[in-house]
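Predicted structure and sequence below. I'll ask about it afterward.
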Amino acid sequence: MGGYDYAYLNKPLVFTGALKKGAVKRLKDTLEFWVHVTRENALKINSEAYQLIVRTRLMHSYARLTIKKKVPDWNYEKWGEPINWWDMIATYTGFSLVFMQGLKKLGIKISPEEEKGVFHLWKYVGYLLGIPEEYLPENVEQAVEQLYLWSSLQDEADEDSVQLAGALLEENLTNTIYKFQFQRKLLLRLHQSMNRFLLDPEINERLEIPKPRFVSAFPKLIIQANGLAQKYFDLKNPENYRKHVELGNKNQMKVLDDYIRHSPKDFHY
């Protein structure tokens with residue numbers, strides 16, 4: 001959601017028509033990509049994750065060529081090349097730097113070794129996606145510098161940003177994973193609360209994210225649960241750590257399976 005606050009970054013989504021096609025399929029594709037590339041021993045050549053990366057790289061290439069061919073008013077001076085290296089690096093930091101910052105804000109303790117591993121993984125994924133390796137940050141300091149410099153050239157949220165944010169929230173109500181409407185509305189309120197907690201107030205206002213009642217209740221509950229889990233399960237114990245990795249894998253694969261089963265089957269980009 002926070003990425004939608006950068007107006008120029010959103011333009012490929014706008015010009016390829018993804019803005020009008022809803023968020024369910026895009027969420028499913030992103031979730032499928034993230035889940036598969038973060039599994040253990042996932043990135044062997046020709047593995048399912050490897051094929052997903054190649055497919056994503058080809059999709060980026062196709063979108064880039066299509067925009068250059070069919071969008072004569074693309075603003076190269078402001079927006080750069082469609083889906084350019086720097087925009088891709090900024091997205092990469094969303095999966096590494098920003099991802100870990102969000103976890104820390106939710107009370108998760110991340111060891112230096114784990115942090116190093118996350119950056120190493122995503123540097124390799126970025127390389128496979130076509131970003132020259134010398135530009136990819138490999139630690140917090142480099143990632144913060146890249147994100148700061150990149151964001152200084154971005155404009156704040158515009159009307160397209162607000163529509164994208166609205167479509168992402170609307171996904172809670174249109175997705176059929178939950179059978180009953182009251183369940184979907186509850187999920188919407190939870191996601192609104194998390195956005196209000198994780199993003200700066202001015203970003204929430206620019207993206208016009210509603211402020212639900214008891215906005216801080218759910219984030220506080222998550223932080224308390226994370227604190228108790230880390231306190232009582234002794235995750236420094238390798239056996240306990242392995243059990244929680246396996247449990248996390250099981251839960252994430254279940255969510256992915258739900259999204260695959262409930263995403264539109266006749267969807268075309």
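Done, it's in. Numbers count the residues shown, from 1 in each chain.

so what's V140 closest to, chain neighbours aside?
In this structure, V140 finds its nearest non-sequential neighbour in L97, 6.5 Å apart by C-beta to C-beta, 6 or more residues apart in numbering. In this view, the C-beta of every residue, glycine as well, is placed from N, C-alpha and C.

Now for the one you found: which residues touch it?
By C-beta atoms under 8 Å, 6 or more residues apart in numbering, the contact set of L97 is 137, 140, 143-144, 147.

Quick check on those: which are buried?
137, 140, 143, 147 (16 or more other C-beta atoms under 10 Å).

quick one: N249 from Q230, how far?
Distance of N249 to Q230, given as C-beta to C-beta, to the nearest Å: 18 Å.

rewinding a little: pick out the most distant pair among the buried ones among the contacts of L97.
Greatest spacing in these, by C-beta to C-beta: V140 and L147 (10.4 Å).

and G130, what does it touch?
Applying C-beta under 8 Å, 6+ apart to G130 gives the contacts 57, 60, 88.

ok so, going back, now the buried ones among the contacts of L97 in JSON lines, please, with extra columns for pLDDT and distance to Y127.
Below are the buried ones among the contacts of L97 laid out as JSON lines (pLDDT from 0 to 100; distance: C-beta to C-beta, whole Å):
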{"residue": "P137", "pLDDT": "95", "distance to Y127": "12"}
{"residue": "V140", "pLDDT": "96", "distance to Y127": "19"}
{"residue": "A143", "pLDDT": "97", "distance to Y127": "15"}
{"residue": "L147", "pLDDT": "94", "distance to Y127": "18"}
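
Throw those into JSON lines and include distance to T174, thanks.
Formatted as JSON lines, the buried ones among the contacts of L97 follow (distance: C-beta to C-beta, whole Å):
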{"residue": "P137", "distance to T174": "36"}
{"residue": "V140", "distance to T174": "37"}
{"residue": "A143", "distance to T174": "34"}
{"residue": "L147", "distance to T174": "32"}
